[in-house]
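Chemist: Need coordinates for the following:
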Amino acid sequence: MKIHINPNRLIFKAVIILVVLNLLITNSIAKQSKSSKNQIILPGFSELVKSASPAVVSIQAVKLFDKSLIADSANLPSELFPLPEDNNEADSPQEEMRSDSSGSGFIISSDGLIITNHHVIEGALRIIVHYRDRDYSAKVLGDDSSNDIALLKIESKVEFPYLKLADSDQVQMGDWLMVIGSPLQLSNSVSVGIVSAKGRSINITPDRSLESFIQTDAAINFGNSGGPLINLNGEVIGVATAVNFGSENIGFAVPSNIVSYILPQLRENGRVHRGFIGVQNITVDADIAQSFGLSQSGGVLIESVFPDTPAETAGLKHGDIILSADKKKITNSTALTNYIASLKPGTKTRLEIFRNAQYGFYDIVVGEREPIVDSKVESNDNNHNDDFWPGLKYETTYVHDQQFVYITDINPLSYFYDKNVRSQDIIMEVNGKILNSADEFKIILESVKSGDLLRLYLINQTSGGFYALIRVP
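Modeler: Predicted coordinates:
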């Protein structure tokens, strides 16, 4: 029995199958395309690290304190702390003990201007900046404890890479950021996260009313203080300042716009002059707005006007609600404080006031906010200082009938101390040549120039011998 197959019918079936397959494939591709549009693509940070990290430095602040104060350190508060990393010389035989606090910073100009935190260098007698494979003595140009910012300067014949300050007002919650610094003395460490919140006040600075921190979940630890928070454009949006010990991944940073505002004053005057009008106020919430007849919340309610202040002179009264300043909307108490503080004393500002269900304008000549007394900060400015250079006492000694130099005493602030040179060490060689006497060593120290490098070979009771490389300040 023969079976006859119609070729036209086979062709028809094949066409149907191809059409169905094509529809299935097209539908699958469309679904995948739609799904891919909904996917969140995470950014890569490797190129950002390469471009930004060369401008980030480690900072060592050399301090002295009385040994008797150690017992009191256990009474410090434990929740919110700024972030120095201390390395105390506990074996120092002297009454004053050396304490080296470490932090981070970043370069903002090719000639070596550096931003860090006030608390990193607070009380420092010497400040050392570690940049790549070199150490530099830093000079403090300006210091502001109210915003926890300090401006340093290092000198070099080379131009430094630097970072630009972004407009932190444009930063949004959820924006990506990167933190670079030296947590736990691990230089050039990188962590990433997002902006968790803005405008935080955490009561860690002398003037809480000026606090307006950026909060982030990026890892911030001891030693990160003064390091930059960087956006995806490679610009600085904040300066890492504090961490909350009570929970994980909650860190705080000074917004870059605050740094931008105070930077010119730190550079020119060494301190910051802030505006002041003299009112006590609170943010207007929904209940306050309703009780005073405002259609919506926002602005600040004046609770009291201090006597003999610009606000009293201008005629402001308790019960007034400030809605704007110089046409800038005032949303809360912090916004008013920060705006007035940003004005130069003597500047005239126009406030929009809501009083007794009527709107009006008041012109006020801004006074000067009472300055916070900063802790004294001293730093070597590349001049020879008897305390720092050479900062040691020595005499001729004999080892196996040969003369060498024996160190009888050393100042904890000495540059030799930085390189682990200690009392009772014996200097055998300087720059590869055998050292025969204290007089010879004195001649060497008096003949060196700033920037010269001394290569010392020493021995002591605990090691067979070691090198110390000291750069002349």
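Chemist: burial of Thr396, as a residue count?
Modeler: 15 (other CB atoms under 10 Å). Where you see a C-beta, it was placed from the backbone N, CA and C, and this is true even at glycine.
Chemist: Confirm for me that it is in contact with Ile407.
Modeler: No. Counting by CB atoms under 8 Å, Thr396 stays clear of Ile407, with 11.6 Å between them.
Chemist: Low-confidence stretches in the stretch 351-473 of the chain?
Modeler: Along the stretch 351-473 of the chain, segments meeting pLDDT under 70 span 372-387.
Chemist: Okay, helices next: where are they in the stretch 251-400 of the chain?
Modeler: Along the stretch 251-400 of the chain, counting by DSSP state H, counting those that start in this stretch, helices occupy 256-269, 286-292, 310-314, 333-342.
Chemist: what sits opposite Ile114 in the beta ladder?
Modeler: Ile107, Leu152 (DSSP bridges).
Chemist: From Leu456, how far out is it?
Modeler: The spacing between Ile114 and Leu456, counted by CB to CB, to the nearest Å, is 29 Å.
Chemist: Of all the helices of the stretch 251-400 of the chain, which one is nearest Gly464?
Modeler: For Gly464, the closest of the helices of the stretch 251-400 of the chain is helix 256-269, at 48.4 Å, according to CB to CB.
Chemist: distance between that closest one and the chain's centre?
Modeler: 14 Å (CA atoms, centre = their mean, to the nearest Å).
Chemist: Show residues contacting it.
Modeler: Helix 256-269 is contacted from outside by 108, 113, 115, 141-144, 147, 149-151, 165-169, 212, 235-239, 271-273, 338, 342, using CB atoms under 8 Å, 6 or more residues apart in numbering.
Chemist: and if you look at stretch 42-58?
Modeler: By CB under 8 Å, 6+ apart, the surrounding residues in contact with stretch 42-58 are 102-107, 114, 129-132, 160-163, 176, 178, 180-182, 185, 187-188, 190, 192, 223, 227-228, 230, 232, 234.
Chemist: what about burial for those residues, which qualify?
Modeler: Among the contacts of stretch 42-58, those classed as buried by 16 or more other CB atoms under 10 Å are 102-107, 114, 129-131, 160, 162-163, 176, 178, 180-182, 187-188, 190, 192, 223, 227-228, 230, 234.
Chemist: Tell me how this structure divides into domains.
Modeler: Listed domain ranges for the chain are 1-39, 43-269+374-381, 275-368, 392-471 (source: automatic domain parsing).
Chemist: Give me whichever of the ones you listed is most buried.
Modeler: Mean neighbours per residue, mean count of other CB atoms under 10 Å, is largest over the domains of the chain for domain 43-269+374-381, with a mean of 19.
Chemist: Surely Val171 and Val195 touch.
Modeler: Yes. Using CB under 8 Å, Val171 is in contact with Val195, at 5.7 Å.
Chemist: what's the overlap in contacts for these two?
Modeler: Ile214, Ile237.
Chemist: ok, of the domains of the chain, where does mean pLDDT dip lowest?
Modeler: Sorting the domains of the chain by mean pLDDT places domain 1-39 lowest, at a mean of 59.
Chemist: closest one to Asn411 among the helices of the stretch 251-400 of the chain?
Modeler: Short answer: helix 256-269, nearest of those by CB to CB, at 30.0 Å.
Chemist: How about the secondary structure of the spatially most central residue of the chain?
Modeler: For the chain, the residue nearest the mean C-alpha position is Gly226 (1.9 Å; CA atoms, centre = their mean). Three-state call for Gly226 (DSSP: H, G, I helix; E, B strand; the rest coil): coil.
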